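Student: Here is a sequence together with a model predicted from it:
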Amino acid sequence: MKIIKNITIGLSLLISSQLVFSAQPSTTLASVNPEADRMALQNFFKKRFPDAELADYVNGIYAVDADSRAQWEELESFPPYEFDVEEGERLFKTAFANGKGYADCFENGGVGIRQNFPYWNKEAGTVKTLEQEINECRESNGEKPLKWGKGPIAQVSAYMAWTSRDNVFDIKIPEGDDGALAAYLEGKKFFYTKRGQLNLSCANCHLQGSNVRIRADLAGPALGHTSHFPVFRSKWGELGTLHRRYKGCHKDSRSKPLDMQHETFRNLEYFQTYMSNGLVVNGPGSRK
């Protein structure tokens, strides 16, 4: 009976996901409709988890699994990222050798702007992420770039996210800009494309597989996925960036991982964060 039940659940999830998967990327920009994609994703999760509040998806798996949430709420009583935020603030406010600092590189002095990233930079013809611009700020002021993934770059990013908490994501795809639309489409394709020895896509784990156990873990929903980064993971024992998680996911699926801040990963972040428009910044976060 358990096998039959599992098959029934699997078929139900496959059928209920058709709304999302029918919007898979085509080969022409003219057919791309980001807002339709975003609404399809939201509607998928509304049907999948009818008791979950839409705004709560910034909390990942803890929005849909009560047992996991109880453990997480205890952990958040003494946030493991607290010292990283403090160190990030110290680093952010420490002047470079030329007397300038991060505040000179960003709008509003770098405070309360996390919800604007990533964004399409028309002049550069590419998607720009927050961590990318942190390093560009350093290099433009004669400083060496920080290593991607963890350490100081994650701490500075965490502090900037902390100053932006509860600000609403509103990622733009400029109207009539084919470059921006193409970047979004490439991110969407990557999300839905199967790869690696395990023949898995991001969607396999974070749409059909959300709140389904993978060994000892429950995969989180795709909605709100980027809202709580950087993240302190118990598995890592430290703070890490979104692209560190991307790289780790692809290693876990036995795919050849791309370098952090690779254009493909930046496009993926652009697509995923656009899907979270209307939700709020909730970083940094803590996860298993």
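Tutor: Sure, I can see it.

Student: Against residue 172, how distant is residue 280?
Tutor: With the distance defined as Cβ to Cβ, to the nearest Å, residue 280 ends up 17 Å from residue 172. Using the backbone N, CA and C atoms, a C-beta is placed for each residue, glycine as well.

Student: Compare neighbour counts for these two and give me the winner.
Tutor: Using other Cβ atoms under 10 Å, the more surrounded residue of residue 280 and residue 172 is residue 280, with 16 against 12.

Student: And the strands in the chain?
Tutor: Under the criterion DSSP state E, the chain contains strands at 119-121, 126-128, 213-214, 217-218, 231-233, 238-240, 285-287.

Student: Buried deepest among the ones you listed, which one?
Tutor: strand 238-240 (a mean of 24; mean count of other Cβ atoms under 10 Å).

Student: Show the average pLDDT along it.
Tutor: For strand 238-240, mean pLDDT rounds to 98.

Student: So what touches it?
Tutor: By Cβ atoms under 8 Å, 6 or more residues apart in numbering, the residues outside strand 238-240 that reach it are 81, 84, 149, 150, 154, 155, 158, 230, 231, 232, 233, 284.

Student: Go through these and flag which are in helices.
Tutor: When the contacts of strand 238-240 are checked against helices (DSSP state H), the matches are 84, 154, 155, 158.

Student: how much space between the second one and residue 196?
Tutor: Translated: residue 154. 26 Å.

Student: Give the residue spans of the stretch 1-150 of the chain that score low on pLDDT.
Tutor: 1-27 (pLDDT under 70).

Student: which residues of it fall in helices?
Tutor: Here the stretch 1-150 of the chain has its helices, by DSSP state H, counting those that start in this stretch, at 2-16, 18-21, 34-48, 66-75, 82-93, 130-140.

Student: Now do the last one and helix 82-93, the angle between them.
Tutor: I take that to be helix 130-140. Between the axis of helix 130-140 and that of helix 82-93 there is an angle of 40 degrees, by axes from the mean of the first three to the mean of the last three Cα atoms, to 10 degrees.
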